[in-house]
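Engineer: show me how the following folds:
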Amino acid sequence: MRKLVIIGYKLTLVGALILFLTIFLRVFIISSFKIPTPSMTPAILPGDYILVNKLIIGPRLFKNFNFLKGEKVETFRLPGFRKIKRNDILVFNFPYSNCDQLRMDINVYYLKRCIAIPGDTFYIDNGFYHVKGCNDTLGNYDNQLALSRQKNTIWAFRTFPYEGQHYWTMKTFGPLYIPKANDVLSIDTSTIALYKRLIEYETDKRITVNKGDILLDKQPLTRYRFRRNYYLMAGDNVFDSRDSRFWGLLPDDHIVGKAMRIWKSVDPASGKLRYDRLLRKIK
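Structural biologist: Reported below is the predicted structural model:
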């Protein structure tokens with residue numbers, strides 16, 4: 001009987017250790033996500049299971065559990081190995097479930113490619129993605145080429161910011177400056193449409209525009225110093241991706257980690273394993 005009790009204790013300890021290691025790995029090192037949509041085709045397909053490395057940019061931790069009460073999510077990030085680069089594929093919490101307000105949805109994750117980093121000026125010219133001063137190919141060139149050849153007026157539908165003086169589309173977009181922490185930008189009737197939700201997110205105050213005057217919590221706003229870094233995210237499938245072209249910029253605290261490898265892939269139509277995609281590196 002005593003041996004059975006000892007064995008039971010040992011099994012309990014082993015189970016607790018396995019649970020601890022699992023939680024530790026998921027929080028600090030690596031997580032797995034299943035991809036349901038074609039927005040990152042052809043790099044990542046629906047039915048792919050991917051591993052996301054959190055150590056590269058640093059694990060993100062919650063400061064408290066206020067979000068359980070419906071309050072603003074507060075996080076901090078441990079040091080990582082390097083900063084985010086253009087063309088990194090990232091998993092992040094969707095920031096714009098409420099189209100009028102930037103607010104982290106901890107239950108909704110997106111996977112997109114980082115096209116522009118803090119300090120960049122991004123624009124789309126005839127469907128092709130560009131950053132001023134950068135000659136790298138950004139995103140999937142073949143899909144952008146296909147978009148550039150489209151003559152259908154559907155691709156001229158208006159995109160972010162949907163208001164103000166900026167009539168941007170999927171084929172002609174920007175220029176849009178991507179703020180970095182401590183940047184001081186002039187705020188006027190032209191730029192407020194681009195940065196309104198970012199400023200409200202950082203300050204927890206509301207912006208109003210009254211006869212050309214821009215007010216932050218009833219105080220005049222002509223310049224603003226940003227507190228966070230922001231990123232522009234886009235899916236490789238330029239025809240079918242809900243990304244920064246439509247909802248705007250991504251705050252740094254929403255980012256979970258960098259997609260590294262496909263560890264399993266299941267064809268959604270047949271339910272069969274796609275063996276040619278197993279352990280494929282994501283790039």
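Engineer: confirm residue 86 sits in a strand?
Structural biologist: No. The assignment for residue 86 (DSSP: H, G, I helix; E, B strand; the rest coil) gives coil, which keeps it out of a strand.
Engineer: for it, give me its contacts.
Structural biologist: Residue 86 makes contacts with 114-117, 120, 131, 134, 136, 138, as judged by Cβ atoms under 8 Å, 6 or more residues apart in numbering. C-beta here means a position set from N, CA and C on the backbone, and glycine is covered the same way.
Engineer: name the nearest residue to residue 249, ignoring sequence neighbours.
Structural biologist: residue 230 (4.2 Å; Cβ to Cβ, 6 or more residues apart in numbering).
Engineer: and the one you found, what does it touch?
Structural biologist: Per Cβ under 8 Å, 6+ apart, neighbours of residue 230: 118, 178-180, 198, 249-252.
Engineer: buried among those residues? Make that a PyMOL selection.
Structural biologist: Selecting only the buried entries of the contacts of residue 230 in PyMOL, with 16 or more other Cβ atoms under 10 Å as the criterion:
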select buried, resi 118+178+179+198+249+250+251+252
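Engineer: mind checking how far residue 185 is from residue 194?
Structural biologist: Residue 185 is 9 Å from residue 194, where distance means Cβ to Cβ, to the nearest Å.
Engineer: please apply the same query to residue 242.
Structural biologist: From residue 242 to residue 194 the distance is 19 Å (Cβ to Cβ).
Engineer: quick one, which of residue 185 and residue 194 is more surrounded?
Structural biologist: Taking neighbours as other Cβ atoms under 10 Å, residue 185 and residue 194 compare with residue 194 leading, 21 against 15.
Engineer: domain parsing for this protein?
Structural biologist: 2-119+140-146+231-281, 184-225 (automatic domain parsing).
Engineer: okay, the ones you listed in JSON lines with distance to residue 153 and mean pLDDT next?
Structural biologist: What follows is those, written out as JSON lines (distance: least, Cβ to Cβ, whole Å; pLDDT from 0 to 100):
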{"stretch": "domain 2-119+140-146+231-281", "distance to residue 153": "15", "mean pLDDT": "89"}
{"stretch": "domain 184-225", "distance to residue 153": "24", "mean pLDDT": "93"}
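Engineer: redo the ones you listed as JSON lines? Include distance to residue 171.
Structural biologist: What follows is those, written out as JSON lines (distance: least, Cβ to Cβ, whole Å):
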{"stretch": "domain 2-119+140-146+231-281", "distance to residue 171": "10"}
{"stretch": "domain 184-225", "distance to residue 171": "19"}
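Engineer: residue 161: which of the ones you listed is closest?
Structural biologist: domain 184-225 (4.2 Å; Cβ to Cβ).
Engineer: so residue 209 sits against residue 187, correct?
Structural biologist: No. Here residue 209 lies out of contact with residue 187, judged by Cβ atoms under 8 Å, at a distance of 10.5 Å.
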